[in-house]
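**Q** requesting a structural model of the entry that follows:
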Amino acid sequence: MKKYLKILSVVLLISIFTVSCAMAPDLGMSAPMGDAYLGMMGGVEGDLSGEDYTEIVENAFVNAAETPDSYFSIDANTASYPNLRRYLQQGYLNIPKDAVRVEEMLNYFDYDYEKPTDGSVLALTSSVFDNPYNPATKLLTIGLAAQEIEFKDIRNNLVFLIDVSGSMYSEDKLPLVQQSFSMLVENLNPEDRVSIVTYAGSDKVVLKGAFGYEKQKILAAIEDLEAGGSTAGSAGITTAYEIAKECFIEGGNNRVILATDGDFNVGVTGLLDLETFIKYRAQSTGVTFSVFGFGTGNLKADKMETLALNGNGTYGYIDSLKEARRALVEQIGGTLVTVAKDVKAGISFNPEYVEAYRLIGYENKLLTEDEFNDSSTDAGELGSGHTVTVVYEVILTDKALSEGERFADVKIKYKPTENVGGDSETEQEITLGIGTEKYHAEPGESDAFVASVIEFALILRDSEYKGDANINDLIARLDALDLTNDECKDEFKALVKLYKERMDSLGSGDDANTNMRGVHETYIKSNIRYWDISPVNDESVEIEFGEYNLDVYRCDTFEDYVHIQELMGKVDYSTEVYNEEFFEKYTMLYGFFGTSDGYTFKVESVTIENGNLRAKVVQTSPTGMEHLDRACDWEVYIVVPKEDMQSVTSIAIILGDIN
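**A** Numbering: from 1, shown residues only. All right, here's what the predicted structure looks like:
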């Protein structure tokens, strides 16, 4: 008799049942999935359907004669780039447009900008050059560099606010948080203070005011953290601020550092409420608030960005130990030590030489003229050694390059912090004029890389402003640059090429034994085939994975299900859960593996996007079973609510590597 081993996963409204050789599933519940399992497992690794991003409406071209001035808030957030790297390395090609933040991608990289001198806090650089992806426009760049100070000269009062709710269960969440913060602890100064507050269903003070020289005590507290429960984020924030105030260091760096996937489902949860909640605490305590996002599937980037912007801190995303080392060790000063706060930019374009302009990025950081001139306006912060890149796409008038002495004037307003000996309540400003002397038809290496990052972002967003941007020309321009001495930029080039390889691999698939057409795509080391799902499908789609075959059937009714089970020669299939009532609500996509190596299969993730349902199936080693010489059949159940199934036109089954 065949045996079936039940493995259960769920993604939002999609329930997936993976069953390998054992008995028919006896779930003991009326619905395919209960919340308890989600609380235990913390969601399904790889699914993206639960991720939320702040909506981005790209800035349009502005007529310089009608509106010559542009104002916005500046910060050095970089979260978008490592998040996109995560998408691309995991094989996702349909990246959410709102996850592509051009300014955060640009600010991830280092550029050879002029550094502040003679005690200055900030320094400005600019250039103008031909736009490589749109010959009708030029790119005007503004580089801003912040003073760099020694981290060892600053006393730090840090509160690690760590999300230990059920959604943080997976390896790329709490375990990565623990490793990341452990690296940070190893680089603290002896007199620094460290506290740890956790939150799940409620908040808990794990450690209070330990000194930097008590490293083993701090590391042990981090190591003992475990995930489970709901997400009372606002309660944790309140407690963290209370602890930060108790351990407050006058003239020091007092900061709460939140590590989370961003999900708040208990207490204050709405974006506007969170904005008010965090802004009051930041302004009344003098304690800044930084956020690091972790993980896949439940990332709430909109909430994390809201907290960081209104907490006078920074927002980053950590997808690996390598990124943790970069943010919390190599760039620890920029991450933790603020040198300028309430940083605002005002650019005035000369309509005699600039016909129109478009700010690339910074869409949710725009300011009015009154807000720019008001010294009490809450704007962005810059850390020690940070660089910021601002780019405008401009349309010049006919006489601009021949006669134009001044295209634009730049004014940066900011308040220097006590870390650089400044009066944090007194606003200062620096200015820069941009004229024909800044123009060069062929961009230098730094400018060419800036243009490449923008072009890739526009391609990913399928932007209406992408002009002639295309991946082949982009790669050619990147190949012409010498990036060997910059690991991060060289990695960017590799990611662009990886994206191209996966897009190029799209092509026609075999029709198998049906009248359905397929599409084949390479997925890291796996295969993807998209198969059209017709409204009525009495035949299976046979998908080949090397020596394995997967026959996929569609069951819209209980009768379909019974027919397929009998077709498979099964007499012990479940009708307790999979009954007529079940099929009134759900459609089942039933997959049947044939294999001879004794491996089990489990569904790792499922997404539905643009009518495409994608399920990733991974092999696992034999679980205590003897190696099977005979053929063994393995089943995959993908259960989709009928209202969701109405939008599904194709299915992709991805076979991953053996764990």
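**Q** residue nearest the centroid of this protein?
**A** With distances taken as CA atoms, centre = their mean, the residue of the chain nearest its centroid is N83 (3.0 Å).
**Q** what's opposite the nearest residue to that one once chain neighbours are set aside in the beta bridge?
**A** Among residues not flanking N83 along the chain, Y317 sits closest, at 4.6 Å (CB to CB, 6 or more residues apart in numbering). For glycine as for every other residue, the C-beta is placed from the backbone atoms N, C-alpha and C. For Y317, the beta-bridge partners are G293 (DSSP bridges).
**Q** next, count neighbours for Y317.
**A** By other CB atoms under 10 Å, the residues close to Y317 number 25.
**Q** next up, the contacts around it.
**A** Shown in contact with Y317 (CB atoms under 8 Å, 6 or more residues apart in numbering): T78, A79, S80, P82, N83, R86, F292, G293, F294, L299, A301, E323.
**Q** and these, which of them are in strands?
**A** Under the assignment DSSP state E, the contacts of Y317 contribute F292, G293, F294 to strands.
**Q** contacting residues around the last one?
**A** Applying CB under 8 Å, 6+ apart, we find F294 in contact with M168, D172, K173, L174, L176, V177, A259, T260, D261, Y317, I318.
**Q** looking at those, spot the one nearest E566.
**A** Checking the contacts of F294 against E566 with CB to CB, the nearest one is D172 at 42.1 Å.
**Q** tell me the secondary structure for that closest one?
**A** Following DSSP: H, G, I helix; E, B strand; the rest coil, the label given to D172 is coil.
**Q** can you tell me the closest non-neighbouring residue to it?
**A** G295 (4.8 Å).
**Q** surely the one you found and M168 touch.
**A** Yes - G295 lies in contact with M168 (CB atoms under 8 Å); the separation is 7.1 Å.
**Q** okay, and the common contacts of these two?
**A** Overlap of the contact sets of G295 and M168 (by CB under 8 Å, 6+ apart) consists of D261.
**Q** picking up where we left off before, among the contacts of Y317, name the ones in helices.
**A** Among the contacts of Y317, the members falling in helices (DSSP state H) are S80, P82, N83, R86, A301, E323.
**Q** so among those residues, where is pLDDT lowest?
**A** Lowest-confidence member of those: A301, scoring 78 (pLDDT).
**Q** next one: phi and psi at V577?
**A** When read as degrees, to the nearest 10, the backbone of V577 gives phi -90, psi -50.
**Q** and for L184?
**A** Backbone torsions for L184, taken as degrees, to the nearest 10, come to phi -60, psi -40.
**Q** list the contacts of it.
**A** Contact analysis of L184 by CB under 8 Å, 6+ apart lists L328, V329, I332.
**Q** what subset of those is buried?
**A** Neighbour-count burial (16 or more other CB atoms under 10 Å) applied to these gives L328, I332.
**Q** from the contacts of L184, which single one is nearest S384?
**A** Within the contacts of L184, the smallest distance to S384 is 8.9 Å, found for I332 (CB to CB).
**Q** hmm, I149 and that closest one touching each other?
**A** No - counting by CB under 8 Å, I332 sits too far from I149 to count as a contact (11.6 Å).
**Q** quick one on the thing from earlier: turn the contacts of L184 into a markdown table, columns for secondary structure, distance to D468 and pLDDT.
**A** What follows is the contacts of L184, written out as a markdown table (DSSP: H, G, I helix; E, B strand; the rest coil; distance: CB to CB, whole Å; pLDDT from 0 to 100):
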| residue | secondary structure | distance to D468 | pLDDT |
| --- | --- | --- | --- |
| L328 | helix | 40 | 87 |
| V329 | helix | 41 | 87 |
| I332 | helix | 41 | 84 |
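**Q** which of the contacts of L184 lies closest to I434?
**A** The closest of these, once distances to I434 are taken by CB to CB, is I332, at 33.6 Å.
**Q** tell me how far the closest one lies from R325.
**A** Remark: distance between I332 and R325 (CB to CB, to the nearest Å) = 10 Å.
**Q** then S290?
**A** Distance of S290 to R325, computed by CB to CB: 17 Å.
**Q** can you tell me which two in the contacts of F294 are farthest apart?
**A** Comparing all pairs in the contacts of F294 by CB to CB, the longest separation belongs to L174 and Y317, at 15.5 Å.
**Q** need the next SSE after the longest strand along the chain, C-terminal direction.
**A** Determined from DSSP E, the single longest strand within the chain is strand 338-349. For strand 338-349, the following helix or strand on the C-terminal side (DSSP states H and E) is strand 354-360.
**Q** from the contact counts, what lies against that following strand?
**A** Here strand 354-360 touches strand 62-63, strand 69-73, strand 387-396, going by 3 or more CB pairs under 8 Å, 6 or more residues apart in numbering; DSSP states H and E.
**Q** ok, the spatially closest residue to D378 that is not a sequence neighbour - contacts?
**A** Spatial nearest neighbour of D378, chain neighbours left out: D342 (6.4 Å); criterion: CB to CB, 6+ apart. With contact set as CB under 8 Å, 6+ apart, D342 has these partners: S375, T377, D378, A379, G380, E381, K413, Y414, K415, E427.
**Q** coming back round to it: I'd like the contacts of Y317 laid out as a markdown table, including distance to G611.
**A** Supplementary listing: these in a markdown table, determined by distance: CB to CB, whole Å:
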| residue | distance to G611 |
| --- | --- |
| T78 | 33 |
| A79 | 29 |
| S80 | 26 |
| P82 | 29 |
| N83 | 24 |
| R86 | 24 |
| F292 | 34 |
| G293 | 29 |
| F294 | 30 |
| L299 | 23 |
| A301 | 25 |
| E323 | 33 |
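**Q** of the residues you listed, closest to L458?
**A** When the contacts of Y317 are compared for distance to L458 (CB to CB), S80 wins out at 13.6 Å.
**Q** neighbours of that closest one, how many?
**A** For S80, the neighbour count with other CB under 10 Å is 27.
**Q** ok, now A220?
**A** Neighbour count of A220, defined by other CB under 10 Å: 11.
**Q** for the one 4 residues further on, same thing?
**A** Per other CB under 10 Å, the neighbour tally for D224 reads 10.
**Q** repeat that for D378.
**A** Neighbour tally, D378, other CB under 10 Å: 17.
**Q** dihedrals phi and psi, it?
**A** Reported as degrees, to the nearest 10, the phi and psi values for D378 are phi -80, psi 110.
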